[in-house]
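>>> Next comes the sequence, and after it the predicted model I'd like to discuss.
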Amino acid sequence: MTFLGRSVELAALILLVLFCLEKVFPKTVERMGGISGIVLRIVVLLWRLVVSCVKLLAMPFPHIFRWLRGPNTLFGAARWLKFGERRRVLSSRNKGHFIGHKLRISKQRAMTHMAIVGPTGSGKSSFAYAYNCAGLTEDTQIITDPKAELYDLTSDYLAKKHGFRVLRFNLNDPSNSDVVFNPLDYFQDYSEIRLLSKILVEATYAKSSGDQIYFNSGAEKLISILLSLVKELDEERQNLMTVVDFLDMIDTPEQESLDKLIKLHLPDRLYRAWVAYKSEGDNARKSITSSARIALDPLNDPTLQSATSGKSNLDIPSFRRTKTAFYIITSPAKPHLNFILTVLYKVLLDNLMVAPGKKDLNVFCLCDEFAQMPAVPQLDRYISYVRSFRISLCVGLQSFEQLGLLYGKEAAQVIFENIGSLLVMPGLSIDSAERISKTIGDATVSYSEAGFADKSKRDKHMQRRLFTAQEVRTMSDGEMIYLYRSLNPVKLSKVKPYFKNKRFLRTIGRR
């Protein structure tokens, strides 16, 4: 009888025995997962027996034995993700963020947020943000675009090929802006107004000490009173510039008319706060007023006045219903205006954190040069639960230290711990490169060494970083590292910048 015939007989005999066991000991068979569970256990047992026999036979041959035994993990088990494992994480069929010019992560992983870390000139825009801006075509995008590069590159493509509604908030040239953003239309009650005044003051006095802390607190209260007064005026005067006008009336003959307006329009609680401000000592009152004027000085910029005056026309809830590409174009020559981005992102997140329906669109925030704008209030809290509202943040940073300087060490640590994906570009600082190297972990390196008395070789093991800080810092252009939470790292190479990717340029109609 052939080997195949004997195998069939053996399989039939095993099935017969299992059938009898099920009839005689039904509870025991059920606890073991039924007949299929028993068969699986038998197969696993036989496989382990075969592997053990092969290892035993291979022991006289050291190289084969080491290969069968697997890698030594005595001093560390760090390794790069294998090809088969990579395909389950990065695939061109996924719908989440682009990692390089072809591969993408899943939407589920994209909703755990991503940070792109690389110094100026490392290619965050050309290697990452350009591909994501053009490739996330199924959902709404909010794009911070410091040089209007992404708008020029992708806006026509998204509008014509994928039916996006394209909006611009252009701080560089308000005449080419589609959006008017008046913060006073979104901050309604006193607690929200107080938060707005806090943003305005902290944008100027990010780090204060001594008496300045007291003066900043007084300036916040003063600006809150004036903002509350502006909210009670005619719609035409409800803008930030009116607050500056009221502030300029203090300590002038016009202050008497300001007193009357406050007493007429504001509740007693705020009027008493105004009286308390006026009763401060001359030096303290003048310091508080001076701090408020310095904090509001950027509002005197005609560009900002044009972009924020009038009735807001930004329909944020519609972002969930209509595919929208909202480009926030900033002016690198006017960094003092970036505080308005903090206010805008605060308003966007507050209005989008509403439980989305099944048919509602996801929202991807592509925040290049994220640390160039003042700190977004309570971001360390927001980032832990905005994913439940299907909002994904992709922040661009020049270094890890940058976020710590902006938000403080503890808040920055919380933010990083809630970011699932990390894309590392070449050229990082030593401290940032050391942090990446430490995150990747240690590996066990094996080598052979001959003895002195006898020339037989024996295995030696040592600890080594899988990728040292020097190797992280000196990666070539087109190389990058991708890390996702508990997964082993992925090293990518030969990634093309968008301007050298002919296929990409043809797709978006640039060739």
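Right, received. Where do you want to start? Numbers count the residues shown, from 1 in each chain.
>>> so residue 251 sits in a helix?
No - looking at residue 251 with DSSP: H, G, I helix; E, B strand; the rest coil, it is coil, so not inside a helix.
>>> how much space between it and residue 278?
10 Å (C-beta to C-beta, to the nearest Å). The way it works is simple: take the backbone N, C-alpha and C, and place the C-beta from them, glycine included.
>>> residue boundaries of the strands in the stretch 101-250 of the chain?
With DSSP state E, counting those that start in this stretch as the definition, the stretch 101-250 of the chain shows strands at residue ranges 103-104, 114-117, 140-145, 165-170.
>>> Tell me which of those approaches residue 244 most closely.
Closest approach to residue 244 among the strands of the stretch 101-250 of the chain (C-beta to C-beta): strand 165-170, 21.2 Å.
>>> The closest one - contacts with which helices or strands?
Other helices and strands packing on strand 165-170, by 3 or more C-beta pairs under 8 Å, 6 or more residues apart in numbering; DSSP states H and E, are helix 149-162, strand 324-329.
>>> Return the most buried member of the ones you listed.
Greatest average neighbour count among those goes to strand 324-329 (a mean of 24), per mean count of other C-beta atoms under 10 Å.
>>> For the closest residue to residue 151 other than its chain neighbours, give its distance to residue 284.
The spatial neighbour of residue 151 that comes closest, neighbours along the chain excluded (C-beta to C-beta, 6 or more residues apart in numbering), is residue 327 at 4.5 Å. Here the distance between residue 327 and residue 284 works out to 44 Å (C-beta to C-beta).
>>> Tell me which of the helices and strands packed on strand 165-170 lies nearest to residue 439.
Between residue 439 and these, the shortest separation by C-beta to C-beta is 28.9 Å, and it involves helix 149-162.
>>> Can you name every helix or strand that the closest one contacts?
Counting by 3+ C-beta pairs under 8 Å, 6+ apart, helix 149-162 packs on helix 130-135, strand 140-145, strand 165-170, strand 324-329.
>>> Alpha carbons of that helix, as PDB, please.
Listed in PDB are the C-alpha atoms of helix 149-162, where the atom choice follows Å, rounded to 0.1, in the frame of the first residue of the first chain:
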ATOM      1  CA  GLU A 149       2.900  75.300  -0.800                       C
ATOM      2  CA  LEU A 150       0.300  72.600  -0.100                       C
ATOM      3  CA  TYR A 151      -2.500  74.800  -1.300                       C
ATOM      4  CA  ASP A 152      -0.800  75.600  -4.600                       C
ATOM      5  CA  LEU A 153       0.100  71.900  -5.100                       C
ATOM      6  CA  THR A 154      -3.200  70.100  -4.200                       C
ATOM      7  CA  SER A 155      -6.200  72.400  -4.000                       C
ATOM      8  CA  ASP A 156      -7.200  72.200  -7.700                       C
ATOM      9  CA  TYR A 157      -6.600  68.400  -7.700                       C
ATOM     10  CA  LEU A 158      -8.900  67.900  -4.700                       C
ATOM     11  CA  ALA A 159     -11.600  70.200  -6.000                       C
ATOM     12  CA  LYS A 160     -11.700  68.900  -9.600                       C
ATOM     13  CA  LYS A 161     -10.900  65.200  -9.200                       C
ATOM     14  CA  HIS A 162     -12.500  64.400  -5.800                       C
END
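>>> Quick one: mean pLDDT over that helix.
When pLDDT is averaged along helix 149-162, the result is 94.
>>> show me the contacts for the nearest residue to residue 396 once chain neighbours are set aside.
If you skip the residues right next to it in sequence, residue 396 has residue 368 as its closest partner in space, 4.3 Å away by C-beta to C-beta, 6+ apart. With contacts taken as C-beta atoms under 8 Å, 6 or more residues apart in numbering, residue 368 has the following neighbours: 124-125, 129, 143-146, 150, 396.
>>> Pick the one among those closest to residue 259.
Here the nearest of the contacts of residue 368 to residue 259, counting by C-beta to C-beta, is residue 144; it sits at 42.0 Å.
>>> okay but that closest one is in contact with residue 364, surely?
No - Residue 144 is not in contact with residue 364 according to C-beta atoms under 8 Å; the separation is 11.9 Å.
>>> before we move on, back to that, dig out what the residue nearest to residue 151 forms beta bridges with.
Beta-bridge pairing of residue 327, defined through DSSP bridges, involves residue 143, residue 168.
>>> Could you report the pLDDT at it?
96.
>>> how far away is it from residue 131?
Between residue 327 and residue 131 the distance is 16 Å, computed by C-beta to C-beta.
>>> Would you enumerate the residues in contact with the nearest residue to residue 163 once chain neighbours are set aside?
Sequence neighbours aside, residue 323 is the residue nearest to residue 163 in space, at 6.3 Å (criterion: C-beta to C-beta, 6+ apart). Taking C-beta under 8 Å, 6+ apart as the contact definition, residue 323 lies against 137-140, 162-165, 361.
>>> Name the spans of the stretch 201-350 of the chain whose pLDDT lies under the cut-off.
Residues of the stretch 201-350 of the chain meeting the criterion pLDDT under 70: 208.
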